[in-house]
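Q: could you look at this predicted model? Sequence included:
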Amino acid sequence: MFENKKAILATVVIGVIAGFLVYGLSSGGDKGATGSLGSVSGDISFRDAVGQKAPDFSLESINGKTVKLSDYRGKNVVLFFTEGSMCYPACWDQMAEFANDNRFNSDSVVVFSITPDPKSEWEKIIQQVPKLSGAKILFDTTKVVSSSYDVLNLPSSMHKGSFPGHTYFIVDKEGVIRYSLDDPRMSIQNDKLADELKKLA
C-alpha cells in the first residue's frame, strides 16, 4: 500500500511539473518577440546588393499576420530597416511619412518598416502616436533578416553589429534589388525613393 501511495505521489508531482513547463512555454516571455522570430533564405552584401535577388523572408507584422516577401511579387517593395523605438524621432518620423504618403501605398508599391523591437512595444507606441497607425511594421527580433541584408554594420547604425540604422532597399516586381541607400543623417527619404520607383514604372 505504501508503494502505491509513492507511485501516485510521483505521478502527481510529474504531472504538476509537466503542467508548469507547458504553461511556461506557451505563455512565458514576450509574445511579440516569440511570435516574430521569422526566417530568411539567402544573404547579400549591402555594397553589391543592387542587381541581386532579394533574400526571401517571413516576419510577423503589426497586425499579427506573417508577411513573406515573395508573396509581394508583382509589386515594388520598399524595405526600411530601422533601429526601432530607440531611434526617436528620426525613425518614427520616417515610418509615419511612409504610412501617410500615397506614393508608397498603392496597387503597385508597398513599404515595410523592419524593426528589431518586439511587437508589444510598437502596439503601445501606436496607441500614443496615431500618425503611425498606418505603418506596415515587421518584427525582426532575432535580427536574422537584418543580418541577411547586411545592415548591422553600416554607417547609419548607432550600435554597430547589434542593430540596423536607417537603411533602404527597393525590390522590384520580380524580386530583384534595384536600389539601396544607407542614410547616416537619418533624414526623410520619400522624395528620393519615389523618384527611384518611377524608374521602375
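A: Alright, I've got the coordinates. Numbers count the residues shown, from 1 in each chain.
Q: shaky segments in the chain?
A: When the per-residue scores of the chain are filtered using pLDDT under 70, the ranges that remain are 1-37.
Q: can I see the domain layout of it?
A: Domain assignment of the chain by automatic domain parsing yields the ranges 1-30, 35-198.
Q: buried deepest among these, which one?
A: Each of the domains of the chain was given a mean neighbour count from mean count of other CB atoms under 10 Å, and the largest, a mean of 18, is that of domain 35-198. Backbone N, C-alpha and C define where each C-beta goes, glycine included.
Q: where's Glu196 relative to Asp172, distance?
A: Here the distance between Glu196 and Asp172 works out to 10 Å (CB to CB, to the nearest Å).
Q: mutual contacts of those two, please.
A: Common neighbours of Glu196 and Asp172, using CB atoms under 8 Å, 6 or more residues apart in numbering, are Arg178.
Q: contacting residues for the closest residue to Asn76 other than its chain neighbours?
A: Distances taken as CB to CB, 6 or more residues apart in numbering put Val109 closest to Asn76, at 5.0 Å, once the chain neighbours are dropped. With contact set as CB under 8 Å, 6+ apart, Val109 has these partners: Lys75, Asn76, Val77, Val78, Arg103, Leu197.
Q: go through those and flag which are in helices.
A: Filtering those for membership in helices, criterion DSSP state H, returns Leu197.
Q: now the helices for the chain?
A: When assigned using DSSP H, the helices of the chain occupy the ranges 2-27, 31-34, 90-99, 119-128, 144-148, 190-198.
Q: what helices or strands is the last one leaning on?
A: Using 3 or more CB pairs under 8 Å, 6 or more residues apart in numbering; DSSP states H and E as the contact criterion, the neighbours of helix 190-198 among helices and strands are strand 76-82, strand 166-171, strand 177-182.
Q: and Gly42, which of those strands is closest to it?
A: Of all the helices and strands packed on helix 190-198, the one in closest proximity to Gly42, counting by CB to CB, is strand 177-182 (11.2 Å).
Q: what does that closest one contact?
A: So strand 177-182 is in contact with 44, 46, 49-54, 151, 154-156, 165-172, 189, 192-193, 196, 199-200, going by CB under 8 Å, 6+ apart.
Q: nothing else from me, thank you.
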